[in-house]
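Colleague: what would the 3D arrangement of this be:
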Amino acid sequence: IIPKSRYPGDPQGQAFSGGVKAGYVVKSINGEDALTADFGKIMDLLDDEVADPRFSKSTALAIEKQGRMAEPAATPITVVYTEIPG
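Modeller: Reported below is the predicted structural model:
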């Protein structure tokens, strides 16, 4: 992980610019607990598909085949992070 933006709009760089650090996990999204949530649900809440393996070929096909685990969270989205000891 490169702890700085590599190019304008770099999603990883945006996270680091926002204070996210290596080792952080998503604690909550808009107040909804996410610590024990399925990764797919977290991705759906964030309406993110880049790192979600269900979307590797086609977003529409994956949603048609597997459905969403959650509807996208209302914007603006508030994400709270935490570090898991260990």
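
Colleague: how about low-confidence regions in this protein?
Modeller: 1-2, 11-12, 49-65, 86 (pLDDT under 70).

Colleague: and the helices in this structure?
Modeller: Counting by DSSP state H, the chain has helices at residues 11-17, 39-45, 59-66.

Colleague: packing partners for the second one?
Modeller: Helices and strands touching helix 39-45, by 3 or more C-beta pairs under 8 Å, 6 or more residues apart in numbering; DSSP states H and E, are strand 24-29. (Glycine included, C-beta is placed from N, CA and C.)

Colleague: can I get the strand it packs on as CSV, trimmed to CA atoms?
Modeller: Included here for strand 24-29 are C-alpha records, laid out as CSV according to Å, rounded to 0.1, in the frame of the first residue of the first chain:
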residue,chain,number,x,y,z
TYR,A,24,-8.1,0.1,9.5
VAL,A,25,-11.4,-1.7,9.0
VAL,A,26,-14.9,-0.2,8.4
LYS,A,27,-16.7,0.1,11.8
SER,A,28,-19.9,1.7,10.6
ILE,A,29,-21.6,3.2,7.6
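
Colleague: and that strand, what's buried?
Modeller: Buried positions in strand 24-29, judged by neighbour count with 16 or more other C-beta atoms under 10 Å: 26, 28, 29.

Colleague: relative to residue 38, how far out is the second one?
Modeller: Just to be clear, that refers to residue 28. Going from residue 28 to residue 38 by C-beta to C-beta, to the nearest Å gives 15 Å.

Colleague: one more: the first one?
Modeller: Computed with C-beta to C-beta, the distance linking residue 26 and residue 38 is 12 Å.

Colleague: again with the last one
Modeller: Look at residue 29 and residue 38: by C-beta to C-beta, they are 13 Å apart.

Colleague: and the residue nearest the centre of the chain?
Modeller: In the chain, the residue lying closest to the centroid (C-alpha atoms, centre = their mean) is residue 43, at 4.7 Å.

Colleague: ok, that one to residue 33 distance?
Modeller: Counting by C-beta to C-beta - residue 43 and residue 33 are separated by 16 Å.
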